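1. sequence below, structure please.
(2 chains)
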Amino acid sequence: MKPKVIAIVGPTASGKTGLGIEIAKKWDGEVISVDSRQIYRGMDIGTAKPEGEWSEADIEKGGSINQLFGARKTFEVEGVPHWGIDLVDPDASYSVADFKLFAEEKIADIVKRRKVPILVGGTGFWLKAVIDNLDLTQTPADPILRAELEARTLGDLFHEYKQLDPGGAELIDKQNKRRVLRALEVTKLTGKPFSEQQTMGEALYSVLQIGLRVPREVLNERIDTRVEEMVARGLVQEVRGLCERYGCEIESMTSIGYRQICQFVSGAQKLKEAIEEVKIDTRQYAKRQMTWFKRDERIHWVEPGQSVDAVVQPFLLKNSIT
RNA sequence: GGCCACGUGGCGAAUUGGGAACGCAGGGGUCUGCAAAACCUCGAUGAGCCGGUUCGAUCCCGGCCGUGGCCU
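-> Residues are numbered from 1 along each chain as shown, chains lettered A, B, ... in the order given. Here you go, the predicted structure:
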């Protein structure tokens, strides 16, 4: 029988964190954050990281994974362990593949302790990689090849890709350089068409996905409020500190909230305008998230505040699931 | 009260006597190693209103309304 995993999805500011904690408390679970930005140490306010404490006492809980990622303590929020937070420094590179590995080990670890793993997060692609067991190729980005490819034009890249992987060329978004580049990169590096490597393995877990649905207007208001709160809690100082230490050019600093405030910190924009932009960009991000999750028909949608017992209970109590 | 200017989609902004660029915001969408990213796509049957000139007006003329400025 596959391990049971609960996943909580939804757009930013929909209340995923709170629901995750609620379920974890009630069903003895542990949370794994599925968030491509909360992995960065020091990026706290702007990524809406839950507030919690690092507990020394639970070092042994982590196992090898903690060694691997340098985390020696357990992050607890209201007593509920949260994993996947503060995995790397802001200047580190970390991708879906890294996360998938991390999550799989973490889930195994939690299950071993007879707790319920609860994946909470808005990074749809990362979640998909885990629950659908995507066969991410064993072909990480090659810095040298990538630099070479990046210097070429999109049309040029597509042309070569089409030669090597005609089938894939039909399907790919030929106007998206980032995608074409990666497809070509993998194809060249492996000698096999990229399109033939986009497969998925058998699902490793039995997953219950719960989606938080919030009306757009309500969500927008929540976003505005939350951004204001971030500023009140010291977002500007946080960004300034990171800027001084890492500069504003690194990937993690392109995160919403950080890139705009960087503009202010560097004197390129007024604070008020930067804050407005954070709100707008967050709304657009939320929209993209909804587009992503909308089409997954396995998700059980609930309204914020609505009890999820009716879906969680039967799921966890059911004995045999394929 | 008089004079001048302006009045184009939610906002900003081009354009032209032959039937309205673009940017932003907004909606919809794509998604197998940067995913809070990258990319795609859709929005004025109509240019303040009413007349007139013209084969034809958003663009020319007149009136009205509105906005801004100047003047007494």
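
2. show me which residues of the stretch 101-250 of chain A sit near RNA strand B.
-> Residues of the stretch 101-250 of chain A lying close to RNA strand B by Cβ under 7 Å from any atom of the strand are A:122-126, A:129, A:134-141, A:150, A:173, A:175-179, A:181-182, A:186, A:197-200, A:216. Where you see a C-beta, it was placed from the backbone N, CA and C, and this is true even at glycine.

3. mind listing which of those residues are in helices?
-> Secondary structure from DSSP state H places A:124-126, A:129, A:150, A:177-179, A:181-182, A:186, A:216 of those in helices.

4. now those: which count as buried?
-> Buried members of these, scored by 16 or more other Cβ atoms under 10 Å, are A:124, A:126, A:129, A:177, A:179, A:181-182, A:186.

5. now do the strands in the stretch 101-250 of chain A.
-> Per DSSP state E, counting those that start in this stretch, the stretch 101-250 of chain A carries strands over the ranges A:116-120, A:206-212.

6. report the angle between the first one and strand A:206-212.
-> Put plainly, it is strand A:116-120. 40 degrees (axes from the mean of the first three to the mean of the last three Cα atoms, to 10 degrees).

7. coming back round to it: just put the ones in helices among the residues of the stretch 101-250 of chain A next to RNA strand B in a markdown table and tack on pLDDT.
-> Converted to a markdown table, those look like this (pLDDT from 0 to 100):
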| residue | pLDDT |
| --- | --- |
| A:124 | 98 |
| A:125 | 98 |
| A:126 | 98 |
| A:129 | 98 |
| A:150 | 94 |
| A:177 | 96 |
| A:178 | 95 |
| A:179 | 96 |
| A:181 | 97 |
| A:182 | 97 |
| A:186 | 96 |
| A:216 | 94 |
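
8. what about residue A:288, which helix or strand?
-> In this structure, residue A:288 is located in helix A:271-294 according to DSSP states H and E.

9. what comes up buried for that helix?
-> Within helix A:271-294, judged by 16+ other Cβ under 10 Å, the buried ones are A:274-275, A:277-283, A:285-286, A:289-290, A:292-293.

10. same check on stretch A:219-230?
-> A:219-220, A:222-224, A:226-227, A:230.

11. contacts for that stretch?
-> A:11-14, A:45-46, A:48, A:214, A:257, A:275, A:278-279, A:282-283, A:286 (Cβ atoms under 8 Å, 6 or more residues apart in numbering).

12. repeat the analysis, applying 10 Å as the threshold.
-> Applying Cβ atoms under 10 Å, 6 or more residues apart in numbering, the external contacts of stretch A:219-230 come out as A:10-15, A:44-48, A:212-215, A:235-236, A:238, A:256-257, A:260-261, A:275-283, A:285-287, A:290, A:304.

13. just curious, which of the buried ones among the ones in helices among the residues of the stretch 101-250 of chain A next to RNA strand B is nearest to RNA strand B?
-> For these, the residue nearest RNA strand B by Cβ to the nearest atom of the strand is residue A:182; the value is 4.6 Å.

14. my guess is the closest one contacts residue A:198. True?
-> No: look at residue A:182 against residue A:198 with Cβ atoms under 10 Å: they stay out of range, at 11.0 Å.

15. shared neighbours, the two?
-> With Cβ under 10 Å, 6+ apart, residue A:182 and residue A:198 have common neighbours residue A:137.
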